[in-house]
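In: Any chance you can model this:
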Amino acid sequence: PLFSQTGANAFEYCGHDSLVTEAKRNYPEAYEQWEKEYRNMASKARVQRRGFVSDTTFTVRVVFHVLYSSNIENLSDALIQSQVKALNEAFGHYHEDTADVRAIFKKRAGDVGIRFQLAIVDPAGNPTTGINRRATSITAFGQNRTDVKFTRDGGVDAWDPTRYFNIWVCDLSSGGFDNLLGFATPPSTHPFWTATGSGAYPLNEQGAVLHYKVVGVNNPLANQVSSRPLKGRVAVHEVGHYLGLRHIWGDGTNATGCSVDDFIEDTPNQRRSSNFVCRKTNNTCFTANDEPDLVENYMDYSGDECMVMFTTQQKSIMREALTKYRPKIISKTEIVDLYTRDDFTVAFKVYYNQNGGLSIDVNDDKRSSYSFLLYNMAGQRICDSTPLNQTRQEVNFESHSDGLYILQIIDNSTDELLLNQKVQHFN
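Out: I've put the predicted structure just below:
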């Protein structure tokens, strides 16, 4: 979670940190086991061993639940939409201040390959804007923060958390002070978080919660918060937690920070959070061949003006968490493959949608003839060679189980294999 330091009773108290402390105290043996498993996951991230290639883009289905006790808390559609845009720019690494990444870190910054889209259908099958508004008699949720997730407690129940990324927006103040800006639940079955027990992050609490003053780009209320989060990056930080990332400094204390790690090799060791200061000269864990603190990282506390990147290995961990632990919140995947010949280029766009179909779009000015085949991971062909239309073709997965498949596209005139791509099916 992110915390502000506004107000006379300002504090820096991170619920994320306390969760780790509680797990160490209450589940010491299990904690050691999931530390080991998380390190294994981080090790896997270094070699990119997941089935999806790096140019696969996943789109996540999102619903914003806006809880308000006064009109000022009932944020406009435009502000919510600007928040979605900010998420996409951050996870796509195409916002205007990507140039602020220092040269030493530029090669490890880039597109995560995850995008966010407001839901268009609610759990009952009705059309929706993806923004669910609810008046409440609760003036602030800062003291009992999980109440926002339950209608019985003045909040609103989550939409099916296996199919929607739920984001609650509410007043998270406590005692009239804007101390808490947001928090999120990591996947409950993620190897780093499993040992906290089913009661720590039950399914109906899965999602993120944001203080209403920090949602969106240029939220006029953000100026009331000391860190002035005007670029919508509190949400980016919390989505990182939702997809399994730890804080970049590994949640150690100032005294032990350099001996605690986030287990990700391409984030330099860091003693503590940057505490909303963008000081690029910091090197709080100096050792031989060490790098400076990566204050540009979204998982630090360096503030909206400073946080501009995820690293390559953070990208791998988030994509792994999404496809392994939260697969059904993916509304579609998209793969774009260009095949160039001497006289022309053909583009195949492959994407999976929530209706159970794999779509293949063909863009070829020569209007050549192609076919596709589908195999399971045992190498067994599960559909006959099927001609591809020149515009769009649907592949029906209805009779097949969840899992990875191999899609091949063949040039009918030469029998040449043009595309050999893993795709994933979710019922």
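In: Tell me how many other residues surround Leu322.
Out: 23 (other CB atoms under 10 Å). (C-beta placed from N, C-alpha, C; glycine too.)
In: CA-only coordinates of the helix or strand hosting it in CSV, if you can.
Out: Using DSSP states H and E, Leu322 maps to helix 312-325. Output in CSV follows, covering the C-alpha atoms of helix 312-325 (Å, rounded to 0.1, in the frame of the first residue of the first chain):
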residue,chain,number,x,y,z
THR,A,312,12.0,-6.9,-17.4
GLN,A,313,11.9,-9.4,-14.6
GLN,A,314,9.0,-7.6,-12.8
LYS,A,315,7.2,-7.9,-16.2
SER,A,316,7.7,-11.6,-16.2
ILE,A,317,6.5,-12.1,-12.7
MET,A,318,3.3,-10.1,-13.3
ARG,A,319,2.6,-11.9,-16.6
GLU,A,320,3.1,-15.2,-14.8
ALA,A,321,0.8,-14.1,-11.9
LEU,A,322,-1.8,-13.0,-14.4
THR,A,323,-1.9,-16.1,-16.6
LYS,A,324,-1.4,-18.6,-13.8
TYR,A,325,-3.3,-17.2,-10.9
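In: Give me the pLDDT value at Ala195.
Out: Ala195 is assigned 43 on the pLDDT scale.
In: do the same with His425
Out: Value listed for His425 in the pLDDT field: 65.
In: Same check on Val217?
Out: pLDDT, read off for Val217, is 95.
In: and the closest residue to it other than its chain neighbours, how many neighbours?
Out: Closest residue in space to Val217, ignoring its immediate chain neighbours: Ser82 at 4.2 Å, by CB to CB, 6 or more residues apart in numbering. Ser82 has 19 neighbours, counted by other CB under 10 Å.
In: now swap in Ile120 and tell me
Out: Residues near Ile120, counting by other CB under 10 Å: 12.
In: Is it in contact with Pro127, as I believe?
Out: Yes - the pair Ile120 and Pro127 qualifies as a contact (CB atoms under 8 Å) at a distance of 6.6 Å.
In: Now stretch 214-228: buried residues?
Out: For stretch 214-228, a neighbour-count test (16 or more other CB atoms under 10 Å) marks 214-217, 219, 221-222, 225, 227 as buried.
In: Leaving aside the residues adjacent along the chain, what's closest to Asn420?
Out: Nearest non-adjacent residue to Asn420 (CB to CB, 6+ apart): Gln408, at 5.4 Å.
In: Now the strand or helix carrying the one you found - C-alpha only, CSV.
Out: Using DSSP H and E, Gln408 sits within strand 403-411. Extracted in CSV, the C-alpha atoms of strand 403-411 (Å, rounded to 0.1, in the frame of the first residue of the first chain):
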residue,chain,number,x,y,z
GLY,A,403,-4.9,-25.0,-21.3
LEU,A,404,-2.1,-24.2,-23.8
TYR,A,405,-2.4,-25.1,-27.5
ILE,A,406,-0.3,-24.7,-30.6
LEU,A,407,-1.7,-22.6,-33.4
GLN,A,408,-0.1,-23.0,-36.8
ILE,A,409,-0.7,-21.0,-40.0
ILE,A,410,0.3,-22.5,-43.3
ASP,A,411,0.7,-21.0,-46.8
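In: Identify all contacting residues around it.
Out: 51, 348, 350, 358, 360, 368-377, 382, 385, 388, 395, 416-425 (CB atoms under 8 Å, 6 or more residues apart in numbering).
In: Strands - which of those land there?
Out: 348, 350, 358, 360, 370-376, 382, 385, 395, 416-425 (DSSP state E).
In: Buried residues, the helix holding Leu322. List them.
Out: 312-323, 325.
In: need those in a markdown table with pLDDT, can you?
Out: Shown next, in a markdown table, are the buried residues of helix 312-325 (pLDDT from 0 to 100):
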| residue | pLDDT |
| --- | --- |
| Thr312 | 91 |
| Gln313 | 91 |
| Gln314 | 93 |
| Lys315 | 92 |
| Ser316 | 88 |
| Ile317 | 88 |
| Met318 | 91 |
| Arg319 | 88 |
| Glu320 | 83 |
| Ala321 | 87 |
| Leu322 | 89 |
| Thr323 | 83 |
| Tyr325 | 84 |
